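Colleague: Structure here, sequence nowhere to be found:
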Ligand SMILES: [Mn+2]
(Lines give C-alpha, C1' and ligand atoms only; values in the text may rest on other atoms or scores of the structure.)
Protein backbone atom coordinates (compact mmCIF):
# COMPACT_ATOMS: atom_id res chain seq x y z
CA UNK A 1 0.00 0.00 0.00
CA UNK A 2 1.21 3.46 -0.83
CA UNK A 3 1.59 6.00 1.93
CA UNK A 4 0.12 9.35 1.13
CA UNK A 5 2.08 12.56 1.57
CA UNK A 6 1.00 14.89 4.32
CA UNK A 7 -1.19 17.75 3.24
CA UNK A 8 0.86 20.89 2.74
CA UNK A 9 1.45 23.55 0.12
CA UNK A 10 2.16 20.82 -2.42
CA UNK A 11 4.34 17.81 -3.00
CA UNK A 12 7.67 19.55 -3.01
CA UNK A 13 10.06 16.66 -3.37
CA UNK A 14 12.00 16.41 -6.59
CA UNK A 15 11.30 19.93 -7.81
CA UNK A 16 13.60 21.32 -10.45
CA UNK A 17 13.96 24.83 -11.89
CA UNK A 18 11.24 24.04 -14.44
CA UNK A 19 8.75 23.38 -11.69
CA UNK A 20 6.33 26.05 -10.77
CA UNK A 21 4.37 25.50 -7.63
CA UNK A 22 1.40 27.60 -8.65
CA UNK A 23 -0.01 27.49 -5.16
CA UNK A 24 3.01 29.49 -3.99
CA UNK A 25 1.96 32.33 -6.26
CA UNK A 26 -1.17 32.77 -4.27
CA UNK A 27 -2.01 33.03 -0.63
CA UNK A 28 -2.10 29.36 0.41
CA UNK A 29 -4.86 30.15 2.89
CA UNK A 30 -7.10 30.80 -0.11
CA UNK A 31 -6.82 27.23 -1.33
CA UNK A 32 -10.06 25.76 -0.15
CA UNK A 33 -11.49 22.30 -0.28
CA UNK A 34 -14.17 21.38 -2.81
CA UNK A 35 -17.60 22.39 -1.48
CA UNK A 36 -15.90 23.91 1.58
CA UNK A 37 -16.88 20.89 3.63
CA UNK A 38 -16.13 20.65 7.36
CA UNK A 39 -13.32 18.36 8.52
CA UNK A 40 -15.36 15.23 9.20
CA UNK A 41 -16.73 15.08 5.64
CA UNK A 42 -13.52 16.12 3.91
CA UNK A 43 -10.90 13.99 5.63
CA UNK A 44 -8.21 12.23 3.65
CA UNK A 45 -8.91 8.88 5.27
CA UNK A 46 -12.69 8.71 5.15
CA UNK A 47 -13.66 10.58 2.00
CA UNK A 48 -14.75 8.47 -0.96
CA UNK A 49 -13.86 11.17 -3.49
CA UNK A 50 -10.34 12.56 -3.76
CA UNK A 51 -9.95 15.72 -5.82
CA UNK A 52 -6.53 16.20 -7.42
CA UNK A 53 -6.07 19.76 -8.77
CA UNK A 54 -3.50 19.96 -11.59
CA UNK A 55 -2.85 23.58 -12.64
CA UNK A 56 -0.90 22.56 -15.76
CA UNK A 57 -1.25 24.55 -18.97
CA UNK A 58 1.81 24.36 -21.18
CA UNK A 59 0.65 23.75 -24.75
CA UNK A 60 -2.56 25.75 -25.17
CA UNK A 61 -2.61 27.24 -28.65
CA UNK A 62 -5.44 29.78 -28.59
CA UNK A 63 -6.81 31.03 -25.28
CA UNK A 64 -4.55 30.20 -22.37
CA UNK A 65 -5.20 30.20 -18.66
CA UNK A 66 -6.45 26.73 -17.80
CA UNK A 67 -3.80 26.65 -15.06
CA UNK A 68 -6.21 28.65 -12.92
CA UNK A 69 -9.09 26.31 -13.77
CA UNK A 70 -8.84 23.97 -10.76
CA UNK A 71 -8.82 26.82 -8.29
CA UNK A 72 -11.79 28.52 -9.99
CA UNK A 73 -13.80 25.28 -9.91
CA UNK A 74 -13.04 24.77 -6.22
CA UNK A 75 -13.86 28.39 -5.36
CA UNK A 76 -17.15 28.19 -7.30
CA UNK A 77 -18.04 24.92 -5.57
CA UNK A 78 -18.40 26.76 -2.26
CA UNK A 79 -21.67 28.15 -3.62
CA UNK A 80 -23.19 24.82 -4.64
CA UNK A 81 -26.35 23.47 -3.06
CA UNK A 82 -25.29 20.21 -1.42
CA UNK A 83 -28.68 18.58 -1.98
CA UNK A 84 -29.21 17.31 -5.54
CA UNK A 85 -32.97 17.19 -6.01
CA UNK A 86 -32.77 15.21 -9.27
CA UNK A 87 -30.92 12.44 -7.46
CA UNK A 88 -32.65 13.10 -4.13
CA UNK A 89 -29.37 12.83 -2.24
CA UNK A 90 -26.46 14.82 -0.85
CA UNK A 91 -23.44 13.35 -2.67
CA UNK A 92 -21.17 15.31 -0.31
CA UNK A 93 -22.13 12.92 2.50
CA UNK A 94 -19.77 10.34 0.92
CA UNK A 95 -16.92 12.72 1.77
CA UNK A 96 -14.73 14.79 -0.54
CA UNK A 97 -11.05 15.30 0.18
CA UNK A 98 -9.19 17.96 -1.80
CA UNK A 99 -5.47 17.40 -2.34
CA UNK A 100 -3.08 20.36 -2.52
CA UNK A 101 -2.46 21.51 -6.07
CA UNK A 102 0.21 19.40 -7.77
CA UNK A 103 3.39 21.33 -8.53
CA UNK A 104 3.76 21.91 -12.24
CA UNK A 105 6.64 21.08 -14.58
CA UNK A 106 5.94 23.54 -17.39
CA UNK A 107 8.68 22.39 -19.72
CA UNK A 108 8.50 18.68 -19.04
CA UNK A 109 5.17 17.00 -19.82
CA UNK A 110 6.59 13.51 -19.28
CA UNK A 111 7.62 14.38 -15.76
CA UNK A 112 4.29 16.12 -15.17
CA UNK A 113 2.37 13.04 -16.26
CA UNK A 114 4.45 10.83 -13.99
CA UNK A 115 3.56 13.08 -11.08
CA UNK A 116 -0.17 12.92 -11.89
CA UNK A 117 0.07 9.16 -12.37
CA UNK A 118 1.62 8.78 -8.92
CA UNK A 119 -1.00 11.01 -7.29
CA UNK A 120 -3.84 8.99 -8.84
CA UNK A 121 -2.13 5.71 -7.93
CA UNK A 122 -1.93 6.92 -4.32
CA UNK A 123 -5.67 7.55 -4.34
CA UNK A 124 -6.81 4.29 -5.92
CA UNK A 125 -4.38 2.24 -3.83
CA UNK A 126 -6.44 3.11 -0.74
CA UNK A 127 -9.70 2.37 -2.53
CA UNK A 128 -10.75 5.95 -3.12
CA UNK A 129 -12.27 7.51 -6.23
CA UNK A 130 -9.98 9.90 -8.16
CA UNK A 131 -11.28 13.18 -9.62
CA UNK A 132 -8.65 15.15 -11.55
CA UNK A 133 -9.22 18.84 -12.24
CA UNK A 134 -7.19 20.45 -15.06
CA UNK A 135 -5.48 22.19 -16.51
CA UNK A 136 -5.11 21.29 -20.14
CA UNK A 137 -6.38 18.01 -21.51
CA UNK A 138 -2.95 16.37 -21.38
CA UNK A 139 -3.35 15.92 -17.60
CA UNK A 140 -5.97 13.22 -18.16
CA UNK A 141 -3.24 10.92 -19.48
CA UNK A 142 -1.64 10.68 -16.05
CA UNK A 143 -4.88 9.40 -14.55
CA UNK A 144 -5.55 7.01 -17.43
CA UNK A 145 -2.05 5.52 -17.18
CA UNK A 146 -2.35 4.96 -13.44
CA UNK A 147 -5.72 3.24 -13.80
CA UNK A 148 -4.68 1.19 -16.84
CA UNK A 149 -2.11 -0.61 -14.70
CA UNK A 150 -4.97 -1.95 -12.59
CA UNK A 151 -7.42 -3.23 -15.15
CA UNK A 152 -9.28 -2.73 -18.40
CA UNK A 153 -11.69 0.09 -19.10
CA UNK A 154 -12.71 2.33 -21.96
CA UNK A 155 -11.89 6.04 -21.95
CA UNK A 156 -15.00 8.06 -22.81
CA UNK A 157 -13.85 11.51 -23.84
CA UNK A 158 -16.38 14.32 -24.07
CA UNK A 159 -14.77 16.89 -26.32
CA UNK A 160 -15.55 19.30 -29.16
CA UNK A 161 -12.25 18.23 -30.71
CA UNK A 162 -11.02 14.85 -31.81
CA UNK A 163 -7.55 15.40 -30.25
CA UNK A 164 -6.20 12.65 -32.49
CA UNK A 165 -3.10 14.30 -33.92
CA UNK A 166 0.02 12.24 -33.43
CA UNK A 167 2.05 15.39 -32.85
CA UNK A 168 1.13 19.05 -32.78
CA UNK A 169 3.58 21.94 -32.85
CA UNK A 170 6.44 19.46 -32.41
CA UNK A 171 4.95 17.95 -29.27
CA UNK A 172 3.38 14.53 -28.86
CA UNK A 173 2.00 15.75 -25.54
CA UNK A 174 0.03 18.69 -26.88
CA UNK A 175 -3.60 19.01 -25.81
CA UNK A 176 -4.39 18.34 -29.51
CA UNK A 177 -2.89 14.85 -29.15
CA UNK A 178 -4.71 13.77 -26.01
CA UNK A 179 -6.89 11.01 -27.41
CA UNK A 180 -4.13 9.65 -29.66
CA UNK A 181 -1.90 9.19 -26.59
CA UNK A 182 -4.78 7.79 -24.50
CA UNK A 183 -5.31 5.09 -27.14
CA UNK A 184 -1.87 3.74 -26.22
CA UNK A 185 -3.19 2.89 -22.74
CA UNK A 186 -6.83 1.95 -23.20
CA UNK A 187 -9.76 1.55 -25.59
CA UNK A 188 -11.22 4.98 -26.34
CA UNK A 189 -14.23 6.75 -27.76
CA UNK A 190 -15.10 10.43 -28.09
CA UNK A 191 -18.48 12.14 -27.88
CA UNK A 192 -19.53 15.66 -28.87
CA UNK A 193 -16.99 16.24 -31.66
CA UNK A 194 -17.54 19.11 -34.09
CA UNK A 195 -13.95 19.96 -35.02
CA UNK A 196 -11.78 17.34 -36.69
CA UNK A 197 -9.13 17.48 -39.41
CA UNK A 198 -9.29 15.41 -42.59
CA UNK A 199 -6.26 13.42 -41.41
CA UNK A 200 -7.93 12.73 -38.08
CA UNK A 201 -11.09 11.62 -39.90
CA UNK A 202 -9.07 9.18 -41.99
CA UNK A 203 -7.42 7.89 -38.83
CA UNK A 204 -10.85 7.38 -37.20
CA UNK A 205 -12.01 5.35 -40.20
CA UNK A 206 -8.78 3.38 -40.30
CA UNK A 207 -8.91 2.19 -36.70
CA UNK A 208 -12.71 2.16 -36.36
CA UNK A 209 -12.68 4.52 -33.41
CA UNK A 210 -16.19 5.22 -32.08
CA UNK A 211 -16.92 8.95 -32.54
CA UNK A 212 -20.29 10.49 -31.73
CA UNK A 213 -20.55 13.83 -33.52
CA UNK A 214 -22.23 16.77 -31.83
CA UNK A 215 -24.87 17.22 -34.52
CA UNK A 216 -26.29 13.80 -33.72
CA UNK A 217 -26.74 14.84 -30.11
CA UNK A 218 -28.27 18.17 -31.20
CA UNK A 219 -30.73 16.31 -33.46
CA UNK A 220 -31.78 14.17 -30.53
CA UNK A 221 -30.70 10.93 -32.19
CA UNK A 222 -31.14 7.86 -30.05
CA UNK A 223 -27.49 6.93 -29.54
CA UNK A 224 -26.79 3.36 -28.55
CA UNK A 225 -23.91 3.14 -26.10
CA UNK A 226 -24.15 -0.63 -25.98
CA UNK A 227 -20.63 -0.84 -27.41
CA UNK A 228 -19.22 0.43 -24.12
CA UNK A 229 -18.04 -2.12 -21.56
CA UNK A 230 -18.90 -2.07 -17.87
CA UNK A 231 -15.80 -0.17 -16.78
CA UNK A 232 -15.33 3.34 -18.13
CA UNK A 233 -13.20 6.39 -17.38
CA UNK A 234 -14.76 9.75 -18.17
CA UNK A 235 -12.69 12.68 -19.40
CA UNK A 236 -14.71 15.87 -19.72
CA UNK A 237 -13.17 18.63 -21.81
CA UNK A 238 -15.47 21.51 -20.94
CA UNK A 239 -15.43 22.74 -24.55
CA UNK A 240 -17.87 19.90 -25.28
CA UNK A 241 -20.44 22.31 -23.84
CA UNK A 242 -21.86 25.06 -26.00
CA UNK A 243 -19.91 28.34 -25.73
CA UNK A 244 -23.18 30.06 -24.78
CA UNK A 245 -23.02 28.35 -21.39
CA UNK A 246 -19.28 27.60 -21.39
CA UNK A 247 -17.37 30.49 -22.99
CA UNK A 248 -14.39 29.95 -20.63
CA UNK A 249 -12.35 27.51 -22.67
CA UNK A 250 -9.23 27.93 -24.74
CA UNK A 251 -10.82 26.67 -27.97
CA UNK A 252 -14.58 27.28 -27.95
CA UNK A 253 -16.64 25.69 -30.74
CA UNK A 254 -20.27 26.48 -31.59
CA UNK A 255 -22.83 23.70 -31.61
CA UNK A 256 -22.05 22.17 -28.23
CA UNK A 257 -24.10 20.46 -25.56
CA UNK A 258 -26.59 22.21 -23.31
CA UNK A 259 -26.67 21.70 -19.56
CA UNK A 260 -29.47 19.16 -19.70
CA UNK A 261 -27.89 17.67 -22.80
CA UNK A 262 -24.73 16.80 -20.91
CA UNK A 263 -26.38 15.72 -17.67
CA UNK A 264 -28.71 13.31 -19.45
CA UNK A 265 -25.80 12.04 -21.55
CA UNK A 266 -23.75 11.43 -18.41
CA UNK A 267 -26.71 9.74 -16.79
CA UNK A 268 -27.04 7.25 -19.64
CA UNK A 269 -23.28 6.66 -19.75
CA UNK A 270 -22.94 5.98 -16.03
CA UNK A 271 -26.13 3.97 -15.51
CA UNK A 272 -25.33 0.29 -15.20
CA UNK A 273 -21.59 0.89 -15.55
CA UNK A 274 -18.67 1.27 -13.20
CA UNK A 275 -16.85 4.55 -13.40
CA UNK A 276 -13.19 4.04 -12.44
CA UNK A 277 -12.44 7.77 -12.27
CA UNK A 278 -13.13 11.03 -14.03
CA UNK A 279 -11.56 14.36 -14.85
CA UNK A 280 -12.72 17.79 -15.88
CA UNK A 281 -10.29 19.88 -17.91
CA UNK A 282 -9.72 23.01 -20.00
CA UNK A 283 -11.57 25.57 -17.91
CA UNK A 284 -9.95 28.96 -18.66
CA UNK A 285 -11.63 31.29 -16.17
CA UNK A 286 -12.54 34.76 -17.42
CA UNK A 287 -12.23 37.63 -14.96
CA UNK A 288 -15.67 39.00 -14.17
CA UNK A 289 -17.55 36.01 -15.59
CA UNK A 290 -17.86 33.39 -12.88
CA UNK A 291 -20.93 31.64 -14.30
CA UNK A 292 -18.90 29.12 -16.33
CA UNK A 293 -16.75 28.31 -13.28
CA UNK A 294 -19.92 27.49 -11.36
CA UNK A 295 -21.21 25.39 -14.26
CA UNK A 296 -17.99 23.35 -14.17
CA UNK A 297 -18.20 22.90 -10.40
CA UNK A 298 -21.83 21.81 -10.63
CA UNK A 299 -20.95 19.29 -13.32
CA UNK A 300 -18.22 17.79 -11.10
CA UNK A 301 -20.72 17.49 -8.28
CA UNK A 302 -23.43 16.04 -10.56
CA UNK A 303 -20.99 13.35 -11.67
CA UNK A 304 -20.17 12.49 -8.08
CA UNK A 305 -23.89 11.98 -7.48
CA UNK A 306 -24.18 9.74 -10.53
CA UNK A 307 -21.17 7.71 -9.43
CA UNK A 308 -22.73 7.12 -6.03
CA UNK A 309 -26.07 6.15 -7.57
CA UNK A 310 -24.38 3.63 -9.86
CA UNK A 311 -22.89 1.94 -6.79
CA UNK A 312 -26.25 1.31 -5.12
MN1 LIG B 1 -11.31 20.20 -26.75
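Modeller: Cool, got the structure. Because the structure is a prediction, the values reported are computed rather than measured.
Colleague: just checking, next helix/strand downstream of the helix or strand of the chain with the lowest mean pLDDT?
Modeller: Least confident helix or strand of the chain, by mean pLDDT, DSSP states H and E, is strand 19-20 with a mean of 60. Next along the chain after strand 19-20, taking DSSP states H and E as the criterion, comes strand 49-54.
Colleague: quick one, whichever helix or strand comes after that next one and strand 49-54 angle?
Modeller: Under the assignment DSSP H and E, the closest C-terminal helix or strand after strand 49-54 is helix 69-77. Between helix 69-77 and strand 49-54, the angle comes out at 130 degrees (axes from the mean of the first three to the mean of the last three C-alpha atoms, to 10 degrees).
Colleague: What is the distance between helix 69-77 and the centre of its chain?
Modeller: Offset of helix 69-77 from its chain centre (C-alpha atoms, centre = their mean, to the nearest Å): 13 Å.
Colleague: Each with direction, which strands does the helix or strand following that helix pair with?
Modeller: Using DSSP H and E, the helix or strand that follows helix 69-77 in sequence is strand 96-98. With DSSP bridges as the test, strand 96-98 is paired with strand 49-54 (parallel).
Colleague: contact partners of the partner strand?
Modeller: Applying C-beta atoms under 8 Å, 6 or more residues apart in numbering, the contact partners of strand 49-54 are 33-34, 44, 70-71, 74, 94-102, 104, 116, 119-120, 123, 128-135, 139, 142-143, 304, 307. C-betas here are computed from N, CA, C, even on glycine.
Colleague: 6 Å - rerun?
Modeller: Residues outside strand 49-54 that contact it (C-beta atoms under 6 Å, 6 or more residues apart in numbering) are 34, 70, 96-99, 101-102, 116, 119, 123, 128-135, 139, 304.
Colleague: Of these, which belong to helices?
Modeller: 70, 116, 119, 123, 304 (DSSP state H).
Colleague: Quick one: neighbours of the fourth one, just the number.
Modeller: Read that as residue 123. 26 (other C-beta atoms under 10 Å).
Colleague: list the contacts for it?
Modeller: With C-beta under 6 Å, 6+ apart as the criterion, the residues that contact residue 123 are 50, 130.
Colleague: Next, work out how far apart residue 304 and the ion are.
Modeller: Remark: distance between residue 304 and the ion (C-beta to the ion, to the nearest Å) = 23 Å.
Colleague: re earlier: quick one: which of the ones in helices among the contacts of strand 49-54 is nearest the ion?
Modeller: Among the ones in helices among the contacts of strand 49-54, residue 70 lies closest to the ion (C-beta to the ion), at 17.1 Å.
Colleague: Number of residues surrounding the residue in the stretch 1-150 of the chain positioned nearest to the ion?
Modeller: Here the stretch 1-150 of the chain gets closest to the ion at one residue, residue 137, 6.3 Å apart by C-beta to the ion. Residue 137 has 31 neighbouring residues, counting by other C-beta under 10 Å.
Colleague: pLDDT score assigned to it?
Modeller: Residue 137 carries a pLDDT score of 95 in this model.
Colleague: Now do the strands in the stretch 201-312 of the chain.
Modeller: 211-213, 231-237, 274-281 (DSSP state E, counting those that start in this stretch).
Colleague: Which parts of the second one count as buried, going by neighbours?
Modeller: By that I understand strand 231-237. Using 16 or more other C-beta atoms under 10 Å as the test for burial, strand 231-237 gives 232-237.
Colleague: contacts with the ion among those, please.
Modeller: residue 237 (C-beta under 5 Å from the ion).
Colleague: Save the buried residues of strand 231-237 as a markdown table, and put in pLDDT too.
Modeller: Output for those, formatted as a markdown table (pLDDT from 0 to 100):
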| residue | pLDDT |
| --- | --- |
| 232 | 98 |
| 233 | 98 |
| 234 | 98 |
| 235 | 98 |
| 236 | 98 |
| 237 | 98 |
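Colleague: Just give me the closest of the buried residues of strand 231-237 to residue 199.
Modeller: Among the buried residues of strand 231-237, residue 237 lies closest to residue 199 (C-beta to C-beta), at 19.9 Å.
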